[in-house]
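Novice: From the sequence below, what's the structure:
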Amino acid sequence: MDAAKAFENYMRYKSDAWAFLTECVYTMDQVKKDEPIRRFPDKEYLRYFTKMWVSYPLIANPKARRMTMSWTTIGLYVWDTIFNRARHNAFVSRKEEDANELVKRALFIVENLDKTRLLGELIPSFTFKYNNLEFPELRSKIQGFPQGADQLRSFTFSGIFGDESAFWEYAEKFYSASFPTLDGGGRMTLVSSPAPGFFKKLCFDAMDVP
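Specialist: Below is the predicted model:
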């Protein structure tokens, strides 16, 4: 790939999250024994979710199993992190080790970007340690946290991804405590299998319903 084409591709992927996902990103699915590592699926509902994610910073989205929603959301936060400076995105899960697994999925995406589409020299350098994926030259990072009212209080984040938040014991306290960190234009994405409780009320705008 010549320099002009490489730069053209870079600018296209920087401005088009869906093109980045479908042309550059691979996911891993241990259930698929014959093809565990596959290109990100070009599905209409994922295209719609991506469009919504780019347009609306606050999203609570119920999901069903095998919909690739967690991978999609992680891929979108990777896109936001590697194409912009000074991004601090948080991945939150029920337990600390679960949050680390989310960060490791982000690491997998970065390590396996299609370098025939996005030239390796244009992918920012990165380091990984437990619950921390950093891009030093951009001063950007993705950091994992367990749920809890006080986990995020001392930080200001570019975005927060909460995975399976319908099953957190302290989901409402987490939401109340972390929301001020997003004040001024930050992003929050909550994705979960459906279950009664705070997440369901948030999805259906029923916070005042007993």
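Novice: Show the pLDDT at the spatially most central residue of the chain.
Specialist: Nearest to the geometric centre of the chain sits Ile74, at 2.7 Å (Cα atoms, centre = their mean). Ile74 is assigned a pLDDT of 97 by the prediction.
Novice: same question, Asp208
Specialist: On the pLDDT scale, Asp208 gets 56.
Novice: Kindly provide the distance from Thr189 to Lys14.
Specialist: Between Thr189 and Lys14 the computed distance is 20 Å (Cβ to Cβ, to the nearest Å). In this view, the C-beta of every residue, glycine as well, is placed from N, C-alpha and C.
Novice: And those two? Which one has more around it.
Specialist: Neighbours per residue (other Cβ atoms under 10 Å) separate Thr189 from Lys14, with Thr189 holding more: 26 against 16.
Novice: For the more buried one, give me its contacts.
Specialist: By Cβ atoms under 8 Å, 6 or more residues apart in numbering, the residues touching Thr189 are Trp53, Ile59, Asn61, Thr73, Leu76, Tyr77, Gly159, Ile160, Phe161, Gly162.
Novice: Wait, the fifth one touches Asp16, no?
Specialist: So the one you mean is Leu76. No - judged on Cβ atoms under 8 Å, Leu76 makes no contact with Asp16 at a distance of 11.9 Å.
Novice: Name the residue in those two with the higher neighbour count.
Specialist: Leu76 (24 against 15).
Novice: By residue count, tell me the biggest helix in the chain.
Specialist: helix 96-111 (DSSP state H).
Novice: so where do the helices sit in the protein?
Specialist: All helices of the chain, identified by DSSP H, fall at 3-15, 17-24, 44-55, 69-82, 96-111, 171-178, 198-203.
Novice: tell me the most buried of these?
Specialist: The highest average neighbour count among those, using mean count of other Cβ atoms under 10 Å, belongs to helix 69-82 at a mean of 24.
Novice: Flag the shaky bits of the protein, pLDDT-wise.
Specialist: 30-33, 65-66, 149-151, 182, 205-210 (pLDDT under 70).
Novice: measure Leu202 to Thr189 for me?
Specialist: Counting by Cβ to Cβ, the gap from Leu202 to Thr189 is 12 Å.
Novice: What of Asn100?
Specialist: 18 Å.
Novice: Same check on Arg38?
Specialist: Counting by Cβ to Cβ - Arg38 and Thr189 are separated by 23 Å.
Novice: these two touch, right, Val103 and Leu133?
Specialist: Yes - taking contacts as Cβ under 8 Å, Val103 lies within contact range of Leu133: 5.4 Å.
Novice: who touches both of those two?
Specialist: Ile142, Gln143.
Novice: which residue sits closest to Val148, ignoring its sequence neighbours?
Specialist: Let me fix one detail, which is that residue 148 is Gly and not Val. Tyr170 (5.7 Å; Cβ to Cβ, 6 or more residues apart in numbering).
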